[in-house]
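Q: Fold the stuff below for me.
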Amino acid sequence: MHGRECSDHAYAGMLDATHGMRGAWRVQDNATEVTAAGIARLAGVGRAAVSNWRRRHADFPKPVGGTETSPSFALAEVEAWLRRHRKLAEVPLRERVWQQLAGHPEGPVTALAHAGCVLLLIHDRPTVWLEVSAGSDERLAAMLPGALEQVLTPRFGAARGGQRVHSESARSHVHTGAAGTPVHTGSAERSASTVNRSSPVNTEPPVHKVPPAGGEPGVNPSPGVNPPQGVNPPPTVNASPGVASAGTTPPPTHTRPAALAPTGPELLPSAPLLRGAAELAAELGARQAFEFLLGRHLDANPRQYTLTPADLAGLMADLADLTGPARTVLDPACGTGALLRAAAPRPEQADRELYAQDSAPELAALTALRLALHTRAAVRGAVGDTLRADAYPELRADAVLCHPPFNERNWGHDELAYDPRWEYGFPARNESELAWVQHALARLRDGGTAVLLMPPATASRRSGRRIRADLLRRGALRAVVALPVGAAPPYNIPLHLWVLRRSEKAPAQPEVLLVDVGQFGGEGRGGPDWRSVRDAVLDAWRVFDRAGRIDERPGIARSVPVIELLDDDVDLAPARHLPPPTAADGAEQLTDVRARLGETLRLTTDLTPPPADTARPAPRWPHTTVSELARAGALVMRTGGNGGHARVPVLTDHDVVSGTGPSGTLPESDEEAVLTEPGDVVVPVVGGGSVARVIDDTTAGAALGRNLVLLRPDPAALDAWFLAGFLRGTANNRQASSYASTATRLDVRRLQLPRLPLDEQRRYGARFRALDEFERVLRLAGRLGEQLVRGMYDGLTDGTVAPD
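A: Purely as a prediction, here's the structure:
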């Protein structure tokens, strides 16, 4: 750490000390726009109320953008109007900063990149940020690029010649392939928007010296603005987009560094957001602030990105690490950086080098910033089509982790026919995944390990059988793991993991490990049983990697001699080569399932609710909201986080919806995890549906996952089951929800409850608790019924169950 650096806690204290300087700021929130749904969240009302305000109040702000049916408004004008009319709800800082990011005039991706740069500055050099930000927005925009250069250059490397491309021209440029069509083969995690930077990857440069307070020759900050002590303003560059400055070498066409400091004009509209992000960093820490904003952006745009789930990323990183910690790790299709984040050392360690490349500029930039905030390890990121324009042709990494794009036909088949990476055969046009496999092997040192996520068709398509055969003969393909359905998108098929190793010479009698953990698939939306998946896969790979073979584990794992697989098909699908579970075990399990189902069905009959009294008129209760209860101290509201100090089970939104136990994990970080206690009420906020779960002793102590809100009622004022029951009302959820084009989000603060005495609350609570037990038993009966039917079909078809 630099001498001027300090912890997030110290930064929070320094930020408090500088609040007196805030009066000099001229905030430009007019650049940030907000929709009617955003106004509803700010005010804690429904969208219908916002429509009424627009009709009834002549002074309501006029639209500044959007469309006639979906207008957008200036955030500053809206907030001023809401305050003037006493309609502004108590909005958490997180929500306010998110609204600034989502309504940024240049789009949320650009805003997220700007915020990430500033959060990295706060993380590495908090005192520099305080000096730069202590003034007007114009001064901040003029001084910030130089300060960012002093952080980004040591962490990511320098741009050759110092060239920049302004965002206006960058947004109009789309990287194209030889045929002129947009190229997206750099990543499985794609974005619809792109912001390109046109500077090449370069080696680590010397660190800039700290200039005197008055600046240095050649620096031209804005008139009347003096740079603060310790900040080096950016050099003046007069380079048009795509044209190198005088005396510099033009950059390569297809490869660019992942993150460059934005220019002053680009940063000026982001000033309010950057100041808000700094306050959020004081509250959460810089790392957690960025994870929160990135997570909200990904949740709000689920169709734009194909993500690698954290549990799967952790499994892939562990597979690569079992033979020894990898010092250099490459992800050639990095997306949002989930795999490299799983492989990154702890924040205090810096003994690894992480290399990332992606064809989508915004993803490469966000990955680089995310990794730099997560670890002190060296981070090298590049923008470019990996197969056509490899940014690291000389790299020989210890490990390669990759979730490549599936079924890409425009991957470079025509122009890459004689590429030296095709050591195991030239891939067919429809075998892009085998091109990625060979690229990964080409970037490994001898003895290095690569782990790739693959579609199951790659293991059996006839067009790839010759390459698969050569990978087997030469000992490069060491294991194929069939994952459960729902492990990663697309969630409806069981994807595979391929474990590869670059060997100096092929073994005399090679074998390959085949593993099938499909039986650990979860029920409903809960996802796989990741703990069982990890244990089965890592244990089998550990034994096989040490001994070169493994004893058969019926239905789970087997090491197969390569000679048995070298037939006309070279089919590597594990299910076709594994022995089934023993018949005795299957019959015994069916008997047990049938007994449990009968017991559960009898319990269901006993718990069936009595008939409802339909003649009773609906009562007219006075109502209150969760927001009002929180302000009155009747309950405490907490939101799920992105990490914690200790590895504890994590209650996910899928667990809450499906009624299962905690199944997730969170990465270790400095963030304090929110731990559940008996009597807490947990509500999912994404995806729609009326769900609320009361925490009992079996789930107490679990960490609260993302997209969950925890309500901790005061037992002297609120009954937990009464609270959970009324939160599940369909009409209640409808009036508290906002709808995007692809997702529904629940604003828990707007959920309503009737004002009832505590004794009356407990009467309702007892009825709600009985309904919850009835629902739980119904779920169990459904799962057992499906298990029995599936087992009977399997037994009848494999001969272990007689038809009579």
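Q: What degree of burial does Arg84 show, as a neighbour count?
A: Arg84 has 10 neighbours, counted by other CB atoms under 10 Å. In short, each C-beta sits where N, CA and C put it, glycine included.
Q: check contacts around Gly701.
A: 648-649, 675-677 (CB atoms under 8 Å, 6 or more residues apart in numbering).
Q: try it again with 10 Å
A: Neighbouring residues of Gly701 by CB atoms under 10 Å, 6 or more residues apart in numbering: 648-649, 651, 662, 675-678, 695.
Q: now, among the residues you listed, which is nearest to Asp592?
A: Pro662 (25.1 Å; CB to CB).
Q: List the contacts of that closest one.
A: 648-652, 655-656, 676, 698-699, 701-705.
Q: And for Ala575?
A: Residues in contact with Ala575 (CB under 10 Å, 6+ apart) are 456, 459, 482, 494, 514, 516, 518, 555.
Q: can you pull up the bridge partners for the fifth one?
A: In other words, Leu514. Beta-bridge partners recorded for Leu514 (DSSP bridges): Val480, Arg558.
Q: Could you report the neighbour count for it?
A: 26.
Q: how much space between it and Leu453?
A: Plainly put, Leu514 is 17 Å away from Leu453 if you go by CB to CB, to the nearest Å.
Q: rewinding a little: which of the contacts of Gly701 count as buried?
A: 649, 651, 662, 675-676, 695 (16 or more other CB atoms under 10 Å).
Q: between those residues, which is nearest Arg767?
A: Closest to Arg767, out of all of the buried ones among the contacts of Gly701 and judged by CB to CB, is Ile695, at 19.3 Å.
Q: is it true that that closest one touches Ala702?
A: Yes: using CB atoms under 10 Å, Ile695 is in contact with Ala702, at 8.1 Å.
Q: which neighbours do these two share?
A: Residues touching both Ile695 and Ala702 by CB under 10 Å, 6+ apart: 651, 676, 682.
Q: out of the residues you listed, which one sits closest to Met637?
A: Of these, the one sitting nearest to Met637 (CB to CB) turns out to be Val682, at 11.2 Å.
Q: Just the helices from the stretch 1-150 of the chain, written as ranges.
A: 8-17, 36-43, 47-56, 75-84, 93-102, 108-124, 126-133, 137-156 (DSSP state H, counting those that start in this stretch).
Q: lowest-confidence stretch among these?
A: If you rank the helices of the stretch 1-150 of the chain by mean pLDDT, helix 8-17 sits at the bottom with a mean of 52.
Q: What helices and strands are in contact with the top helix by length along the chain?
A: Longest helix of the chain, by residue count under DSSP state H: helix 758-798. When contacts are defined as 3 or more CB pairs under 10 Å, 6 or more residues apart in numbering; DSSP states H and E, helix 758-798 packs onto helix 583-607, strand 693-694, helix 720-727, strand 752-754.
Q: Mind checking the pLDDT average for the shortest one?
A: Strand 693-694 shows an average pLDDT of 92 in the prediction.
Q: Would you tell me what the next helix or strand after it is?
A: strand 703-704 (DSSP states H and E).
Q: Kindly report the same for the longest one.
A: Where DSSP H and E defines the elements, the next helix or strand beyond helix 583-607 is strand 623-625.
Q: now that following strand: how far from the chain's centre is it?
A: In this view, strand 623-625 has its centroid 34 Å away from the chain centroid, taken as CA atoms, centre = their mean, to the nearest Å.
Q: ditto for stretch 70-80
A: How far stretch 70-80 lies from its chain's middle: 29 Å, per CA atoms, centre = their mean.
Q: Buried residues in that stretch, which are they?
A: By 16+ other CB under 10 Å, the buried positions in stretch 70-80 come out as 72-79.
Q: ditto for stretch 505-513
A: 510-513.
Q: now stretch 318-326
A: For stretch 318-326, by 16+ other CB under 10 Å, it's 318-321, 323, 326.
Q: Make CSV out of the shared contacts of Ile695 and Ala702 and add secondary structure.
A: Formatted as CSV, these follow (DSSP: H, G, I helix; E, B strand; the rest coil):
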residue, secondary structure
Leu651, strand
Thr676, coil
Val682, strand
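Q: Can you add distance to Pro145 and pLDDT and give those back as TSV?
A: Shown next, in TSV, are those (distance: CB to CB, whole Å; pLDDT from 0 to 100):
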residue	distance to Pro145	pLDDT
Leu651	43	86
Thr676	44	91
Val682	44	93
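Q: Could you tell me how far the residue nearest to Val97 when sequence neighbours are not counted is located from Leu75?
A: Spatial nearest neighbour of Val97, chain neighbours left out: Gly276 (4.2 Å); criterion: CB to CB, 6 or more residues apart in numbering. Distance of Gly276 to Leu75, computed by CB to CB: 11 Å.
Q: Highest mean neighbour count out of the helices and strands packed on helix 758-798?
A: Among the helices and strands packed on helix 758-798, helix 720-727 has the highest mean neighbour count (mean count of other CB atoms under 10 Å), at a mean of 24.
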